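Engineer: okay, sequence plus prediction incoming.
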Amino acid sequence: MSDLLRAERLEALYAEALKAAENAYAPYSNFKVGAALLLTDGQVVTGTNVENVSYGLTVCAERAAIARAVVESGPRIRVAAVAVANLNGAACPPCGMCRQVLKEFMDSDGDVLFPFDGALKRVRLDEVLPFAFEAELKR
Ligand code: THU
């Protein structure tokens with residue numbers, strides 16, 4: 001396993017996600033989520049969920065983090081690992097929409113960490129997103 005993805009590093013990434021969750025804007029669900037991306041250049045970029053009174057406009061923590069990473073570091077970012085945490089002590093695997101958005105910037109074997117069944121679960125992206133949509137539309 002590369003140094004980038006050592007277990008301690010992934011636990012530290014989860015801690016960053018948990019810290020980020022404190023800044024979540026979640027007055028409607030009261031479910032505060034944080035996400036931390038480990039970019040392949042070693043940078044960590046965090047995001048939180050940002051809810052809206054028009055509920056469907058809510059942005060999840062993972063997608064907020066991806067948008068922030070692109071804004072800060074440009075369109076060529078690659079994500080080696082993502083950790084998702086919440087302040088509610090609940091399981092929080094990334095939602096389906098976020099899985100597809102993560103896929104855009106992550107390889108299939110990238111690490112996805114989230115609490116589940118009282119433990120920190122570590123799976124590959126293709127375990128949570130099998131048969132990803134991958135049309136070759138890039139120019
Ligand atoms: N949420 C996330 O931030 N990430 C996910 O992957 C799933 C759900 C947020 C959206 C909403 O603000 C709250 O959690 C409850 O659904």
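Structural biologist: Perfect, I can see it now.
Engineer: where do the strands sit along the chain?
Structural biologist: Using DSSP state E, the strands of the chain run over 33-39, 44-48, 79-86, 106-116, 119-124.
Engineer: next one: the third one to chain centre, how far?
Structural biologist: Read it as strand 79-86. The chain centre lies 4 Å from the centre of strand 79-86; the measure is CA atoms, centre = their mean, to the nearest Å.
Engineer: which other helices and strands contact that strand?
Structural biologist: Applying 3 or more CB pairs under 8 Å, 6 or more residues apart in numbering; DSSP states H and E, we find strand 79-86 packed against helix 7-21, strand 33-39, helix 61-73, helix 96-105, strand 106-116. In short, each C-beta sits where N, CA and C put it, glycine included.
Engineer: quickly check: the third one near the ligand or not.
Structural biologist: Yes - shown here: helix 61-73 in contact with the ligand (CB under 6 Å from any ligand atom) through 61-62.
Engineer: leaving out chain neighbours, which residue sits closest to the most centrally placed residue in the chain?
Structural biologist: By CA atoms, centre = their mean, the mean C-alpha position of the chain lies nearest to residue 62, the distance being 3.8 Å. Once flanking residues are discounted, residue 62 sits nearest to residue 98: 3.9 Å by CB to CB, 6 or more residues apart in numbering.
Engineer: contact residues of the protein facing the ligand?
Structural biologist: So far as CB under 6 Å from any ligand atom goes, the chain lies against the ligand at 26, 29, 31, 33, 49, 51, 58, 60-62, 94-95, 98.
Engineer: switch to 5 Å and redo it
Structural biologist: Applying CB under 5 Å from any ligand atom, we find that the chain lies next to the ligand at 29, 31, 33, 49, 51, 58, 60-61, 94-95, 98.
Engineer: from those, list just the buried residues.
Structural biologist: Neighbour-count burial (16 or more other CB atoms under 10 Å) applied to those gives 33, 49, 51, 58, 60-61, 94, 98.
Engineer: which of those sit farthest apart?
Structural biologist: 51 and 94 (16.7 Å; CB to CB).
Engineer: residue ranges with poor pLDDT in the chain?
Structural biologist: Within the chain, the stretches with pLDDT under 70 are 1-4.
Engineer: cutoff 80 now
Structural biologist: 1-5, 135-139 (pLDDT under 80).
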